[in-house]
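> this one's sequence-less:
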Ligand code: GAL
């Protein structure tokens, strides 16, 4: 019989655990749910941790499995947080002590004959000290629940346990090596890639097969070319198992001078990502995992993501393979190394992670240390050994917050939080490790400058500039730094001792809903696929002390911008190459909003207008204590243009602050090759728009349910965000979908995102209402 893999994600039941559940289940007190599941929906912030730190009982009704004698039946759990005990017909079938790696449990001995079966999973969200990542208080939550898919597997004696595909030297030869592990040393294996095929006899449980893929295409960040490898396992001419794995040929090397992909030295700019979401924690299906990758690659334009601080979903990795996004994947943990059990679980997690993920071309490094833990020679010699044994191709790293610590890995990986705004972005390599070591920065910024999307503009701009300064320093071609991975992609839930007291760490360049803060554009402006011109200001003077907007920052990948105020040309501004020589696209810093308008509107001579501007700037800083030189100039110019002191003061307010003047209209035109590529108006009008976007309008209700995210913005007629509007968004759904989160949400900095999930197939309608706006989206679920 051919192996059967059946997803069993629909129609589970869950409730808070009770000792009696171990004996009798009364489904009346349970809630029907689908997997991935977080047993209760929680609020966006200020969550109640006690609800997580307890046990839950999950129940699944499995029909009578009428298979012939000799078959093995397994349950495979892709991810259950944090610990789980599995019972089949009230008999204990297995236990899993890691919330982040898969577990397969043999259930054949406990199955009923000729009767249905009851699967019970007691899931604990209690943070036990010797179950990684727990021990110390951790800066993230582990949540609770069966949060990744579950499968039933039926195996008739012969199965493919693992397939490991690798190419040792893809720049030199076309060899594709495939190691296939089978449950028995018998039969034959046929491996094919397109129309290239090879069949070999199986004489051991590990079979090595080599194929030559002539004229192969390499996988890289711009062209992530993938190959499907099909493996068939036959015994006595009957097919027992078939597997498909995806593979990409690419050569990865971290050297003392940096990172090489397919022989080319490139700098890696990236972000750390937790796998959490609002309202449901970790419990999000493929669609949401895919979209996070798309945001990283297509919107933020980064090259690498670190799955901090645990193995991520395989859906996430699949998408990274498809999109060309590198991944540093690491074992669960945070600053604390526990007892022997803790270490044992760490070894098992490491093995499971590598065996599960070593075919993904996107994975470029295994993180084999507990994040930011102290040196522990024996422990880390072992983790390195395990990683190298299971995957001789990929380098290891071990993320630490210690400089010059014991270096047992292939790459020295360090969290550099040295940037405080007025110093260089990163420490020189020699202060961290030896020049001869390959070196990658794995975190920066984060807690050094937490910033909410609804913080003041000044703070949000500084947050963005801090990210940009680090990226700039990282990009110095001669610093021996392979790249830098910022903290973090989005805001995330945490324990009370971190974050802003509402159990959120506002460390993201996106907010928790994946909506951008200004810092998102520190990354986005450095890519070349799409034109960007993001003005880091609403141009509202009332947000600044004394009503004085000293400078504005524009993040752009265009050549230059022209600025107009109220229809009058102010000036042309260029990227600041002087202060940011290593950036491909330095920011444009604008400090002059008067430009030629004094000359044009007040009919001043150009030279006089420049002096007036200088005087005005000095007044802004020193008030009426300006230098004698400027005082004399002022008297002369007032006289020359026949202006009273009062009229002079009025000019100052008109041009310097705009205080009391009509709302200005700023027009920014961004040029590429001397053609206008983008233009943006910043002004006030009375239009009130609610814009709703999603990356698709089809959902796939398949192995499990699908999710879909709507990104929502409130804007005026010129697409300027209403960043301080505190209106309520009402969401109404019709059709086979459910809403993730409440029906009414408050806008955060003029933005929001809403996720829905499928509960069946058909057509669904979602109505978003705010003020007089109603936006209807129709979705097809197939
Ligand atoms: C690091 C840690 C991260 C996060 C970050 C905040 O030390 O590794 O998990 O807490 O600080 O900046």
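Thanks, I have it. Just so it is clear, the model here is predicted, and its values are computed rather than measured.
> and the residue in the stretch 551-700 of the chain positioned nearest to the ligand, what element?
The ligand sits closest to residue 555 of the stretch 551-700 of the chain, with a gap of 22.5 Å, by C-beta to the nearest ligand atom. Using the backbone N, CA and C atoms, a C-beta is placed for each residue, glycine as well. In this structure, residue 555 is located in strand 552-556 according to DSSP states H and E.
> Give me the sheet partners of that strand and which way each runs.
The partner list of strand 552-556 in its sheet, established with DSSP bridges, is strand 533-535 (antiparallel), strand 588-590 (antiparallel).
> Tell me the helices and strands packed up against the very next helix or strand once past the last one.
As assigned by DSSP H and E, the chain's next helix or strand after strand 588-590 is helix 597-601. Of the remaining helices and strands, those touching helix 597-601 by 3 or more C-beta pairs under 8 Å, 6 or more residues apart in numbering; DSSP states H and E are strand 568-573, helix 606-622.
> How about the contacts made by the most centrally placed residue in the chain?
For the chain, the residue whose C-alpha lies nearest the mean C-alpha position (C-alpha atoms, centre = their mean) is residue 273; its distance is 4.0 Å. In this structure, residue 273 makes contact with 292, 296, 305-308, 312, 488-490, judged by C-beta atoms under 8 Å, 6 or more residues apart in numbering.
> from those residues, which are also near the ligand?
Here is what survives when those are matched to the ligand using C-beta under 6 Å from any ligand atom: residue 308.
> buried sites along stretch 589-607?
Residues 589-590, 593-595, 597-599, 604 are the ones in stretch 589-607 that count as buried (16 or more other C-beta atoms under 10 Å).
> hmm, which two among these are most spread apart?
Every pair in those was compared (C-beta to C-beta); the two farthest apart turn out to be 589 and 604, at 25.5 Å.
> Now the stretch 451-600 of the chain against the ligand: closest residue?
residue 487 (4.6 Å).
> whoops, the chain was the one
Of all residues in the chain, residue 446 sits closest to the ligand, with a separation of 2.3 Å (C-beta to the nearest ligand atom).
> related to what we said a few turns ago, who's in contact with the strand holding residue 555?
Residues from elsewhere that reach strand 552-556, judged by C-beta under 8 Å, 6+ apart: 461, 464-465, 468, 518, 521-522, 524-525, 532-537, 539, 561, 573, 575, 585, 587-590, 668, 670.
> Can you list the helices and strands that the following helix or strand past it packs against?
Counting by DSSP H and E, the next helix or strand C-terminal to strand 552-556 is strand 560-565. For strand 560-565, the elements it packs on are strand 568-573, strand 588-590, strand 666-672, judged by 3+ C-beta pairs under 8 Å, 6+ apart.
> hmm, 6 Å instead?
If you count contacts as 3 or more C-beta pairs under 6 Å, 6 or more residues apart in numbering; DSSP states H and E, strand 560-565 packs onto strand 568-573, strand 666-672.
> mind giving me CSV with those strands and columns for distance to residue 71?
As requested, those are exported to CSV (distance: least, C-beta to C-beta, whole Å):
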stretch, distance to residue 71
strand 568-573, 72
strand 666-672, 64
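> Deepest-packed of these, please.
strand 666-672 (a mean of 19; mean count of other C-beta atoms under 10 Å).
> gap between the worst-scoring helix or strand of the chain on mean pLDDT and the chain center?
Taking mean pLDDT, DSSP states H and E as the measure, the helix or strand of the chain with the lowest value is helix 597-601, at a mean of 86. What separates the centre of helix 597-601 from the centre of its chain is 48 Å, taken as C-alpha atoms, centre = their mean, to the nearest Å.
> What parts of this protein come near the ligand?
Near the ligand, the residues belonging to the chain are 139, 308-309, 371-372, 401, 415, 443, 446-447, 487, 507 when assessed by C-beta under 6 Å from any ligand atom.
> if we go to 8 Å?
On the criterion C-beta under 8 Å from any ligand atom, the ligand has as its neighbours in the chain the residues 138-140, 272, 308-309, 334-335, 371-372, 399, 401, 415, 417, 443, 445-448, 487-488, 494, 498, 505, 507.
> Can you tell me which of the residues you listed are buried?
With burial judged by 16+ other C-beta under 10 Å, the buried subset of these is 138-140, 272, 308-309, 334-335, 371-372, 399, 401, 415, 417, 443, 445-446, 487-488, 494, 498, 505, 507.
> mind listing the helices for this structure?
Remark: helices of the chain, listed N- to C-terminal, are 49-52, 286-294, 314-323, 340-357, 377-390, 429-432, 457-474, 520-524, 597-601, 606-622, 628-640, 645-652; assignment by DSSP state H.
> looking at the ones you listed, which is buried most?
Looking across these with neighbours counted as mean count of other C-beta under 10 Å, the highest average goes to helix 520-524: a mean of 26.
> Look up the residues forming beta bridges with the residue of the stretch 551-700 of the chain closest to the ligand.
Beta bridges link residue 555 to residue 534, judged by DSSP bridges.
> let's have the chain start at 54 instead
From this message on, residue numbering opens at 54, which makes the last subject residue 608.
> tally of neighbours for it?
Each residue near residue 608 was counted by other C-beta atoms under 10 Å, and the total is 26.
> circling back to that earlier point, with mean pLDDT as added columns, please give the strands paired with strand 605-609 in TSV.
Formatted as TSV, the entries for the strands paired with strand 605-609 read as follows, by pLDDT from 0 to 100:
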stretch	mean pLDDT
strand 586-588	98
strand 641-643	97
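> follow-up on the earlier one: list the buried residues of the strand holding residue 608.
So strand 605-609, judged by 16+ other C-beta under 10 Å, has buried residues 605-609.
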